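Engineer: Need coordinates for the below:
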Amino acid sequence: MLALPILKSVVVRMLSLHLKIAQFMNKKDTEPKVELFCVLLLEEMADSESKIPFTEAGDCLDEVEFVFDDGQKLYVSQNFLYYVSPVFKAMFEHDFKEKETRNVNLKEKVYWDFLEFLLCLHPDVQKLVDSTNVLSVVYIAEEYQAKLIIRKCKDFMSEWLQSELESARTTSSDLEKLGRVRTCLRILSTAETLQYNAIVEEACKVIGNIGHAIIIGTLSESKEYERKQSQKGNIYEEPSNEDPLAEEPSNEDPLAEEHSNEDPLADCKTLFDKLPEQLKYKLMVARQELCDSIEMHRMKFSRKGHRLI
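Structural biologist: The predicted structure follows:
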């Protein structure tokens, strides 16, 4: 357990860290956001008595060592693992080799993702599940049956979808909408893999409300898209005098910088193509149902003699 003065120091440094990340979001960098958080937090605490939980040996008498493919290690209390994961509990209660060696090899796991997962569970840290980590943490939470984090991930994925839809509705830029759809497709893909049926349904409706041009490719005919692509495909760059359609970069989309040098239309097509056929069909049906509803609404007002816009 960290001492109270150290915990206060952690809080102060965490606030400072959030400001640094907010500033970082306006810079071009392809470093993964989960790794970014951990690296910055380590730097913030390097000269302090406080330290990141799980990163140094010797804190617990019942310590278990996690070893990753790249040789990096994390150190976790066995009692902590008992409480947060029935998978780890079974591992140490039954005759698995890890019970004797107290050494767990995490094959094909990413050090930074797993550390983020543990920090979300740690009672003195309680790292938030957010857009920087949810799509990586949720897979680990499911594998180790960490119900608390699974619930938080599901709740945030649903909130994130609605946030993307609202952002798409408030912009006239096809390219901004394209970025929102890309995010929603990633959420949809994750939800489909993990069989989160309610989130799959919600994601299909959200994407259907934003538009279908990103899927069938007609967005590439847009003059705005052509201009942006000629400028190295950066859809979140600073507006210039020559491009009156350019919009301010959005600080609300932490994935924007990660893909700033990629073709967003190609990203969306790739994500769509990887979906199962039945899910592609569901997306098209959601879009068609919306279009039919709009058309019937237009016909109703037209018959009443109202001028249509």
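
Engineer: List the residues that contact the residue lying closest to Leu188 once chain neighbours are set aside.
Structural biologist: Nearest non-adjacent residue to Leu188, counting by CB to CB, 6 or more residues apart in numbering: Ala203, 3.8 Å away. Glycine gets a C-beta too; all of them are placed from N, C-alpha and C. Counting by CB atoms under 8 Å, 6 or more residues apart in numbering, Ala203 touches Leu161, Cys184, Leu185, Ile187, Leu188, Ala191.

Engineer: who wins for most neighbours among these?
Structural biologist: Counting neighbours by other CB atoms under 10 Å, the top entry in the contacts of Ala203 is Leu188, with 28 neighbours.

Engineer: Quick check: that residue touching Cys204?
Structural biologist: Yes: Leu188 lies in contact with Cys204 (CB atoms under 8 Å); the separation is 7.0 Å.

Engineer: which residues are in contact with both of those two?
Structural biologist: Common contacts of Leu188 and Cys204, defined by CB under 8 Å, 6+ apart, comprise Leu279.

Engineer: quick one: what helix or strand has Glu100 in it?
Structural biologist: Take DSSP states H and E as the rule and Glu100 turns out to sit in helix 97-101.

Engineer: ugh, typo on my part, it should be Leu74
Structural biologist: Taking DSSP H and E as the definition, Leu74 sits inside strand 73-77.

Engineer: Keeping just the C-alphas, turn that strand into PDB.
Structural biologist: What follows is strand 73-77 as a C-alpha-only set of coordinates in PDB (Å, rounded to 0.1, in the frame of the first residue of the first chain):
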ATOM      1  CA  LYS A  73       8.400  -7.900 -16.600                       C
ATOM      2  CA  LEU A  74       5.600  -6.900 -14.300                       C
ATOM      3  CA  TYR A  75       5.300  -7.900 -10.600                       C
ATOM      4  CA  VAL A  76       1.800  -8.500  -9.200                       C
ATOM      5  CA  SER A  77       0.500  -9.600  -5.800                       C
END
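
Engineer: ok, then the element right after that strand?
Structural biologist: Helices and strands here follow DSSP H and E; after strand 73-77, the next one along the chain is helix 78-84.

Engineer: Which positions within that following helix qualify as buried?
Structural biologist: Within helix 78-84, the residues that count as buried by 16 or more other CB atoms under 10 Å are Gln78, Phe80, Leu81, Tyr82, Val84.
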